[in-house]
Structures are given as C-alpha cells and as structure tokens.
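Visitor: build me a model:
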Amino acid sequence: MTYVVNEKCIKCKYTDCVEVCPVDCFYEGENMLVIHPDECIDCGVCEPECPADAIKPDTEPGIERWLEVNREFADKWPNLTAKKAAYADADKYRDEEDKFDKYFSSEPGSGD
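Guide: Take a look at the predicted model:
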C-alpha cells in the first residue's frame, strides 16, 4: 500500500503533509504535490495533516488514476522536504470539482 495525492491538492498545495513525512517522499509540481509510491512507507501520518483531504490510501476505489499521476510526476518533479506557504487563494479552490482538467500543470515546482 502507498498513499496518493489526488486533484484536491491542485491550486491549494498545502504542505502540512510534507512537514510530517518521515521519508521525504513528496515531490512538488507547479500547482500540486505528489507522493512517490515506491518511497512511501505507508505510515499514514500525512493523510490527516492535509487540510484539503487530498491524500488517500491506494486501496480506495477509483484511486488508480491518481496512483499513476503520482508515479509519473514523482519521477519528474523536485523533492520537497520542508513546509511552504500554501497559495494565498487556496481556500477558494479547496472544494472545487474537476481541478485536474481545469488547472493541472505538468511543470515542476521549485522543490527545496
């Protein structure tokens, strides 16, 4: 099992989860984070830390698409190991639907 970041992270990018991760398996895109599924140790400490409820176990129904997104972009984006400020307007986008189709960027973030 691993944990997976889904589209609820897009345009929010809270990093509370990064701060508690004991193995530094988060990677930063321009407007979301992903978890490297081969590095995640399944401890689950990140899941309750996410204000947007964007982190789920890979055993959840329908999560397969997000597992692939996490795997693909964790190999392309820089590692993030420290908390950063969320987007100023993160709360505005927090509960919006279909954020992947509307806003997803494959561009990397800055990482650490």
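Visitor: remind me, longest helix of this protein?
Guide: Ranked by residue count under DSSP state H, the longest helix found in the chain is helix 64-74.
Visitor: which strands and helices sit next to it?
Guide: Helix 64-74 is packed against strand 3-5, strand 33-35, with contacts defined by 3 or more CB pairs under 8 Å, 6 or more residues apart in numbering; DSSP states H and E. Quick note: C-beta positions are derived from backbone N, CA and C, even for glycine.
Visitor: next, the buried residues of that helix.
Guide: 66-67, 69-71, 73-74 (16 or more other CB atoms under 10 Å).
Visitor: quick revisit: what's the closest of the helices and strands packed on helix 64-74 to residue 102?
Guide: strand 3-5 (16.9 Å; CB to CB).
Visitor: avg pLDDT for the closest one?
Guide: Mean per-residue pLDDT for strand 3-5: 98.
Visitor: lowest-confidence helix or strand of this protein?
Guide: Least confident helix or strand of the chain, by mean pLDDT, DSSP states H and E, is helix 90-93 with a mean of 92.
Visitor: CA-only coordinates of that one in PDB, if you can.
Guide: What follows is helix 90-93, C-alpha atoms only, in PDB (Å, rounded to 0.1, in the frame of the first residue of the first chain):
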ATOM      1  CA  ALA A  90      -6.100  28.100  -1.700                       C
ATOM      2  CA  ASP A  91      -9.300  28.100   0.300                       C
ATOM      3  CA  LYS A  92     -11.100  29.500  -2.800                       C
ATOM      4  CA  TYR A  93     -10.200  26.400  -4.800                       C
END
